[in-house]
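[1] sequence and predicted structure, then a few things I'm wondering about:
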Amino acid sequence: MGMPISHIMTSGMSGIRAAGDLVARMQFAKNMRIDEAKKYVADKLGVTPLDLSDEFAMREIREDLGIGVITSVTGAPKGIAAKMNIEKALDIKINSCEKFRNQV
Amino acid sequence: MATEYDLRMGDGKRVFHSKNQIMDDLEAGSADAADLGEISALSSNELEKIAEIIMTKSRMVGVEPGKEVPVTHDIGTLRIDGDQGNSGVGIPSSRMIGCMMHERAFGADTMELGHIDYSFKPVKPVIAQECQAMEVCQQNMIIPLLYGAMPNMGLYYTPDGPFENPGDLMKAFKIAEAQESIEKSADHLTRDMIWIIQHMMKSSSDGVNFDTTGAAGDGDMFATLHAVEALRKEFPEMYIEVGMAGECVLGMHGGLEYDGKTLAGLWPHQQAPLVTKAGANVFGPVVNTNTSMSFSWNLARAVTFIKAAVEASDVPCHVDMGMGVGGIPMLETPPIDAVSRASKAMVEVAGVDGI
């Protein structure tokens, strides 16, 4: 376990602590290289690329947009609900959300 | 006496080298990659930058603010509940708990779900179980969650599989028969991987990570590229990551081609365009660690190869940096000082899009 955590601490974007999941999504969804993916996400969220790895900056934005935060906030969107808000924030489709919509 | 800096050998043992020794090893490591891959060696400025990272007087280092990259995860939750064979730490937990721990406790940027064997073939008899696990995980996860598995074409050969073992055939000088067995195994593997991932996509997966592609040689990579091509055609929006098993594709068959290129003998910068052509979104290049050489030699060699792959790729490159690859020492508990330094060098010198 120490090795992946060392990578996260050294170079990672901290997932939902900051905006690592959003940047990774754009890399996978649109083949975006790192700078392009960061710019896309930053523009959509109205922040700078530097803010995307900043837990302080991203916490409030994630709470406001309902796209999931690292701690368990009562009543806040989690799982599929948070991903449906990510779809809106990034203007993308997510497979699990599509499947969920088709079931309701 | 010259100041000495503590670093590691490729097997993880601590050693002390002067700056001159470090620079000599960096230059030799980069030259080795340049010679093998017929690519450019690192410039003197780049070698100096890596030397600075290695010689930093702190246990851990970190990338400059703003240069962070996504860290994707292979092997899924096996590192939590798996046994020593998968470098797992043996904590009894469900796979959903493992996924959520990565997301909410460790700060992972992506995660994947995988079968305990982590090969595609054993997934077939338990496909419904895997679909159920994926659905439950997707309902609770926020970060991208892929299905991960190894093509592991060796499982298709006798005594484990239906096709005669090409190693046995080659020992009997039955080369054409060995090649035919590899081709049949590759076709079967392609069909299995497509079938499994079709089920995963119906079960809400974000996509797939083909991990350790090419482990059984060029047939293994041939099968994977064809599976990627078919899946991309069927699921234009799915996430596909192709991570390699080694730095050079072994020519077990020797004659297999993809897009007119012979697969045997390809280095990371030559693999990248084919993976892109097949339809992957993210490429995971590998450079192996030589346990007899120093961390400096291994890191410079790895950065040289990966920098060339990043330049040759049209899709993001998430370099493989597990135990014994990407300049990281070859042991199950790689020292944090070495992991951290290799990680920073890959981001800041090789220019990777992720790890």
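    All right, it came through fine.
[2] hey, let's count contacts and neighbours off CA atoms from now on
    Will do.
[3] where's A:A29, which helix or strand?
    Assigned by DSSP states H and E, A:A29 belongs to helix A:20-30.
[4] buried ones in the helix or strand just after that helix?
    Using DSSP H and E, the next helix or strand after helix A:20-30 towards the C-terminus is helix A:34-45. Using 16 or more other C-alpha atoms under 10 Å in any protein chain shown as the test for burial, helix A:34-45 gives A:I34, A:A37, A:K38, A:K39, A:Y40, A:V41, A:A42, A:L45.
[5] helices or strands up against helix A:34-45?
    With contacts taken as 3 or more C-alpha pairs under 8 Å, 6 or more residues apart in numbering or on different chains; DSSP states H and E, helix A:34-45 sits against helix A:20-30, helix A:79-90.
[6] swap in 10 Å and give it another go.
    helix A:20-30, helix A:55-65, helix A:79-90 (3 or more C-alpha pairs under 10 Å, 6 or more residues apart in numbering or on different chains; DSSP states H and E).
[7] okay if I get these as TSV plus mean pLDDT and distance to chain B?
    TSV is the format used below for those (pLDDT from 0 to 100; distance: least, C-alpha to the nearest C-alpha, whole Å):
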stretch	mean pLDDT	distance to chain B
helix A:20-30	98	5
helix A:55-65	97	11
helix A:79-90	98	4
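[8] which residues touch the lowest-mean-pLDDT helix or strand in chain B?
    When the helices and strands of chain B are compared on mean pLDDT, DSSP states H and E, helix B:78-81 comes out lowest with a mean of 86. With C-alpha atoms under 10 Å, 6 or more residues apart in numbering or on different chains as the test, helix B:78-81 has contacts from A:1, A:4, B:84-95, B:97-99, B:101-102, B:113-118.
[9] tell me which of the helices and strands packed on helix A:34-45 lies nearest to B:V282.
    Across the helices and strands packed on helix A:34-45, B:V282 has its closest neighbour in helix A:20-30 (6.6 Å, C-alpha to C-alpha).
[10] and the closest one with helix A:79-90, angle?
    Using axes from the mean of the first three to the mean of the last three C-alpha atoms, to 10 degrees, the direction of helix A:20-30 lies 70 degrees away from that of helix A:79-90.
[11] mind saving the C-alpha coords of helix A:20-30 as PDB?
    Taking Å, rounded to 0.1, in the frame of the first residue of the first chain, the C-alpha atoms of helix A:20-30 are listed here in PDB:
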ATOM      1  CA  GLY A  20      -8.000  14.700  -9.600                       C
ATOM      2  CA  ASP A  21     -11.000  12.600 -10.600                       C
ATOM      3  CA  LEU A  22     -12.300  15.300 -12.900                       C
ATOM      4  CA  VAL A  23      -9.000  15.700 -14.700                       C
ATOM      5  CA  ALA A  24      -8.700  12.000 -15.000                       C
ATOM      6  CA  ARG A  25     -12.200  11.800 -16.500                       C
ATOM      7  CA  MET A  26     -11.300  14.300 -19.200                       C
ATOM      8  CA  GLN A  27      -8.200  12.300 -20.100                       C
ATOM      9  CA  PHE A  28     -10.200   9.200 -20.500                       C
ATOM     10  CA  ALA A  29     -13.300  10.700 -22.000                       C
ATOM     11  CA  LYS A  30     -11.700  12.900 -24.600                       C
END
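[12] off-centre distance for it?
    8 Å (C-alpha atoms, centre = their mean, to the nearest Å).
[13] does anything pack onto that helix? Which helices or strands?
    Looks like helix A:20-30 contacts helix A:34-45, helix A:79-90, strand B:239-244, strand B:282-284 (3+ C-alpha pairs under 10 Å, 6+ apart).
[14] in the stretch 201-350 of chain B, which residue sits closest to chain A?
    Per C-alpha to the nearest C-alpha, the residue of the stretch 201-350 of chain B with the smallest distance to chain A is B:S204, at 4.2 Å.
[15] residues contacting the residue nearest the centre of chain A?
    The residue lying closest to the centre of chain A (C-alpha atoms, centre = their mean) is A:L22, at 3.1 Å. By C-alpha under 10 Å, 6+ apart, A:L22 lies in contact with A:13, A:15-16, A:37-38, A:40-42, A:52, A:67, A:86, A:89-90, B:70, B:109-110, B:142-144.
[16] quick one: contacts for the closest residue in space to B:Y258 that isn't next to it in sequence?
    The shortest distance from B:Y258 to any non-neighbouring residue, by C-alpha to C-alpha, 6 or more residues apart in numbering or on different chains, is to B:F222 (6.9 Å). Neighbour list for B:F222: B:183, B:186-187, B:189-190, B:213-214, B:256-258, B:262-264 [criterion: C-alpha under 10 Å, 6+ apart].
[17] same question for B:A178.
    The contact partners of B:A178, by C-alpha under 10 Å, 6+ apart, come to B:F163, B:E164, B:N165, B:P166, B:G167, B:D168, B:L169, B:M170, B:K171, B:A172, B:M252, B:H253.
[18] wait, isn't the last one in contact with B:I175?
    Yes. Taking C-alpha atoms under 10 Å as the contact criterion, B:H253 and B:I175 are neighbours in contact, 8.8 Å apart.
[19] give me the common contacts of those two.
    B:P166, B:S181.
[20] so for these two, which sits in the more crowded spot?
    Higher neighbour count among B:H253 and B:I175: B:H253, with 21 against 15, using other C-alpha atoms under 10 Å in any protein chain shown.
[21] what sits against that one?
    Neighbours of B:H253 in contact, by C-alpha under 10 Å, 6+ apart: B:166, B:175-176, B:178-183, B:217-220, B:263-264.
[22] what distance do you get for it to A:D91?
    The gap separating B:H253 from A:D91 is 45 Å, by C-alpha to C-alpha, to the nearest Å.
[23] one more: B:G62?
    Counting by C-alpha to C-alpha, the gap from B:G62 to A:D91 is 32 Å.
[24] of the two, which one has the most company?
    Counted by other C-alpha under 10 Å, B:G62 and A:D91 do not tie: B:G62 has more neighbours, with 21 against 10.
[25] wait, the more buried one touches A:T10, no?
    Yes. Taking C-alpha under 10 Å as the contact criterion, B:G62 and A:T10 are neighbours in contact, 4.3 Å apart.
[26] could you single out the nearest of the contacts of B:F222 to B:E237?
    B:T190 (20.0 Å).
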